[in-house]
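Asker: need a 3D model of the sequence below.
(chains A and B)
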Amino acid sequence: MKALIWQGTNKVGIETVPDPTLLLPSDAIVKITSTAICGSDLHLLDGYIPSMEKGDIMGHEFMGEVVEVGRDVKRLKVGDRVIVPFNIACGLCDHCTRGNYSACDNTNPNHRMAEALYGAVSGGGLFGYSHMYGGYAGGQAQYVRVPFADVGGFKIESNLRDDQVLFLTDIFPTGYQAAENCQIVKGRDVVAVFGAGPVGQFAARSAQMLGAAKVIIVDRVPERLKMAEAAGIETINYEQTDVLIALREATGGRGPDHVIDAVGMEAHGHGPGALVDTAKQKMRLSFDRITALRWAILSCAKGGTVSMPGVYGGLIDKLPMGAAFAKGLVFRMGQTHTHRYVRPLLAHIEKGDIDPSFVITHRATLDEAPELYKTFRDKHDGCIKVVLDPWGQPTGKA
Amino acid sequence: MPADQQEPQAGKIGGRGSAVHGSAASFEDPLEPQASTTGASMSLLERGVVAVAGATLATLGLRGHPFARIALMGAGIGLTIVAVQGKNPLATALKIQQDPETGETLVSDAVTIAKPADALYAIWRKLENLPQLMTHLQEVRVLDERRSHWTVKAPVGEVGWDAEITADEPGQRIAWQSLPGASVENSGEVIFRAAPGKRGTEVIVRLRYKAPGGTAGAVVARIAGQEPSQQLRDDLMRFKREQELGFAPTTEGQTSGRAAHEAKKSAGKGEQMQADKQAPRAQKQGEAQ
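Answerer: A predicted model of the protein is given here:
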């Protein structure tokens, strides 16, 4: 099959590799019909996530059709159309049974690598996201092995298009969880979102769905702000105005009741975190990173929430902790418990409350993916979200 | 462990006292942490070697290029300080735990498993099972009610010793200790206690042993990845997953572009390799690609 392979820092390419096979009786094989590039994949492209190995198959936002199931798979059968969350959960451990799927104890075979960096106990495995997170082959490919298939395979039985349900694998739940973490008081609370990338877009619309009185989004890329405006979200371009003053004005001097930092370690919303491995990255990115989080803390109203779907990997200094303390802020963060949100959010999509395909700006075939990685990374051509067809023939034009 | 070191030290270091002598009553008390210090005290021999090395470097630092003098003098003085303090700085950096009284290296870890204590205890109490639970063990042969013979894989061949069970509290705790004459003096215990909130059982394993080669040996072993604390972590996670899932999660044997990359490397050509020798799935299913 064809797959997008990590070939080293700043190098991804399409290669022909063996088709995946069942390794355990609880596995399924899915033929992928749609797959996407996530902002967090750029951390891998740029070589900032340790423990990638040349030859790794990338991709953690994918859906498709079940073509093979192991003998212990009970809920899925061949022919089922499924979406698969980016994190891998066992469904049996204490965290999973409480709905905290991303904290699964049991799905990362390389738990010790993560423990060495973060102490305590590793979270669950992830598709296509370094060996520290299990080294599971990802889904920017024609087929993928889905371990713990009964837990991770969610059947889509309505006739919604791939485009409309694909983002249930990651960015929609990630944005939604960020908004939910704010515990928005309906008709009263004002929510500000830093970063208008895909996760920021979903966080802002989720805040609207959860009843925020007003949602404000902050970015500098005009087409991203325009996309948010289309949904009735107020926008602030931080390159054109002093963001802290603009937010004060927009909230009558109170500050937003809750602030969502959808920027993270590399100015792209979501994705699994990993330790920032080089000083080089810190040198290059600490300004952006600390600025977004600092703005979030400084702008937030007293008693408010700083919700962080954006990924942080390492150590941060010069964080205005005194301001956070003085205002009594609540911090909520972490990987998305994707499995928890798939069904409720699918119901929202089916009801027509939201059509997640609004975020797509680019469609291409898998063969064109290496080029699209660069377009996405460089924010060229108005690129916000790329969806790939693993089976399409190259058209020559992305 | 020599007989003269086996005096009860209850109240002083609870963990050890109960590990070795293990009365049922001791478990009624809250579990005390093992007394330990991070870092390891060096033996007199180790200190002597380091002191001589330090003095030599410092002496060499009396002449030569000014920069070399500063470097040699600094290193010499540093080693001398290490020798005087008697603490192995690498052991401290690597967080190797040591019993301050006996000089034994301590290793402990814990895991919570969603299974009842009795079931987990029963698995451990069958000592023949231990090599499956603790991978460094090659074999445990039960000799009689209390005594058993343990074998471990060693860099060269294998090492064996006799051990005895020193405490056995069904559903709660098992403790063991090597008998005098063992090549590696060691002891251990496993404790089972209910996790709050019906989360199953907390399994705590504590091992102690005299590291061959003193603190330097412990440091080398840790760096080489053969050190028991790392093995123990893996062992407990494997046990938890075996109990909770019935299998270990794996990616072994999964597809990747690795074969192509390695082939490319050895062939020394930039050409992309066709790694798959089997028919691709699409063809198998008669689908158009």
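Asker: show me where pLDDT drops low in the stretch 151-289 of chain B?
Answerer: B:154-156, B:212-227, B:264-289 (pLDDT under 70).
Asker: how about the lengthiest strand in chain B: buried residues?
Answerer: For chain B, the strand reaching the highest residue count under DSSP state E is reported as strand B:158-169. Residues of strand B:158-169 classed as buried by neighbour count (16 or more other C-beta atoms under 10 Å in any protein chain shown): B:159, B:160, B:161, B:163, B:164, B:165, B:166, B:167, B:168, B:169. All C-beta spots, glycine's among them, are computed from the backbone N, C-alpha and C.
Asker: for residue A:110, give me its contacts.
Answerer: A:51, A:122, A:131, A:132, A:133, A:134, A:135 (C-beta atoms under 8 Å, 6 or more residues apart in numbering or on different chains).
Asker: how about 10 Å then?
Answerer: When contacts are counted by C-beta atoms under 10 Å, 6 or more residues apart in numbering or on different chains, residue A:110 touches A:51, A:116, A:122, A:125, A:130-136, B:249, B:251.
Asker: and residue B:142, how close does it get to residue B:164?
Answerer: Counting by C-beta to C-beta, to the nearest Å, the gap from residue B:142 to residue B:164 is 11 Å.
Asker: likewise residue A:39?
Answerer: Distance, residue A:39 to residue B:164, by C-beta to C-beta: 59 Å.
Asker: what's the answer for residue B:134, then?
Answerer: Residue B:134 is 17 Å from residue B:164, where distance means C-beta to C-beta.
Asker: not counting sequence-adjacent ones, nearest residue to the residue of the stretch 51-200 of chain B found nearest chain A?
Answerer: Using C-beta to the nearest C-beta, the closest approach of the stretch 51-200 of chain B to chain A is made by residue B:199 at 5.2 Å. In space, and not counting its chain neighbours, residue B:199 is closest to residue A:94: 5.2 Å by C-beta to C-beta, 6 or more residues apart in numbering or on different chains.
Asker: tell me which residues touch the one you found, please.
Answerer: So residue A:94 contacts A:100, A:103-105, B:112-114, B:195, B:197-200, B:244 (C-beta under 10 Å, 6+ apart).
Asker: quick one, phi psi at the closest residue to residue A:250 other than its chain neighbours?
Answerer: Closest residue in space to residue A:250, ignoring its immediate chain neighbours: residue A:216 at 5.6 Å, by C-beta to C-beta, 6+ apart. The phi/psi pair for residue A:216 (degrees, to the nearest 10) reads phi -120, psi 140.
Asker: across the sheet, point out what pairs with residue A:216.
Answerer: residue A:192, residue A:234 (DSSP bridges).
Asker: neighbours of it, how many?
Answerer: 25 (other C-beta atoms under 10 Å in any protein chain shown).
Asker: what pLDDT is listed against it?
Answerer: If you check residue A:216, the pLDDT there is 98.
Asker: measure it to residue A:188 for me?
Answerer: 15 Å.
Asker: returning to what we had before: now for the residue nearest to residue A:250: which residues touch it?
Answerer: A:190-194, A:204, A:207, A:228, A:233-236, A:243, A:246-247, A:250-251, A:256, A:259, A:299.
Asker: mind checking which of these are in helices?
Answerer: A:204, A:207, A:228, A:243, A:246, A:247, A:250, A:299 (DSSP state H).
Asker: can I get the buried residues of strand B:158-169 in CSV with distance to residue A:346?
Answerer: CSV is the format used below for the buried residues of strand B:158-169 (distance: C-beta to C-beta, whole Å):
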residue, distance to residue A:346
B:159, 58
B:160, 59
B:161, 60
B:163, 57
B:164, 60
B:165, 56
B:166, 58
B:167, 55
B:168, 54
B:169, 51
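Asker: which of the residues you listed lies closest to residue B:61?
Answerer: Residue B:61 has its nearest neighbour among the buried residues of strand B:158-169 in residue B:159, at 42.5 Å by C-beta to C-beta.
Asker: please name the bridge partners of that closest one.
Answerer: residue B:152.
Asker: quick check: it touching residue B:182?
Answerer: Yes: counting by C-beta atoms under 10 Å, residue B:159 does reach residue B:182; the two are 8.9 Å apart.
Asker: quick check: neighbours shared by these two?
Answerer: Joint contacts of residue B:159 and residue B:182 (C-beta under 10 Å, 6+ apart) are residue B:150.
Asker: can you pull out the helices in chain A?
Answerer: Going by DSSP H, chain A shows helices at A:39-45, A:94-97, A:111-118, A:149-152, A:162-165, A:171-180, A:198-209, A:222-229, A:243-250, A:279-299, A:321-327, A:338-351, A:369-377.
Asker: those helices: lowest mean pLDDT?
Answerer: Looking at the helices of chain A, the bottom one is helix A:279-299 with a mean of 65.
Asker: so for stretch B:253-266, what gets flagged as buried?
Answerer: Those would be B:254, B:255, B:256, B:257, B:258, B:259, B:260, B:261, B:264, for stretch B:253-266 by 16+ other C-beta under 10 Å.
Asker: secondary structure class of the first one, three-state.
Answerer: Meaning residue B:254. Here residue B:254 is coil, with the state taken from DSSP: H, G, I helix; E, B strand; the rest coil.
Asker: any idea what sits nearest it, other than its immediate chain neighbours?
Answerer: Here the residue nearest residue B:254, using C-beta to C-beta, 6+ apart, is residue A:137, at 5.1 Å.
Asker: nearest residue to residue A:237 other than its sequence neighbours?
Answerer: Per C-beta to C-beta, 6+ apart, closest to residue A:237 is residue A:220, 5.7 Å.
Asker: burial count for that neighbour?
Answerer: Residues near residue A:220, counting by other C-beta under 10 Å: 16.
Asker: ok, now residue B:136?
Answerer: The burial count for residue B:136: 15, using other C-beta under 10 Å.
Asker: isn't it up against residue B:231?
Answerer: Yes: counting by C-beta under 10 Å, residue B:136 touches residue B:231, with 5.2 Å between them.
Asker: show me what contacts residue A:11?
Answerer: A:5, A:45, A:47, A:54, A:370, A:373.
Asker: excluding chain neighbours, what is closest to the fourth one?
Answerer: Closest residue in space to residue A:54, ignoring its immediate chain neighbours: residue B:261 at 4.9 Å, by C-beta to C-beta, 6+ apart.
Asker: for residue B:198, see how far away residue B:170 is.
Answerer: When residue B:170 is compared with residue B:198 (using C-beta to C-beta), they lie 21 Å apart.
Asker: again, but for residue A:311
Answerer: 33 Å.
Asker: go on, residue B:76?
Answerer: 60 Å.
Asker: okay, the two: which has more neighbours?
Answerer: residue B:76 (20 against 8).
Asker: any idea which element that one lies in?
Answerer: helix B:66-85 (DSSP states H and E).
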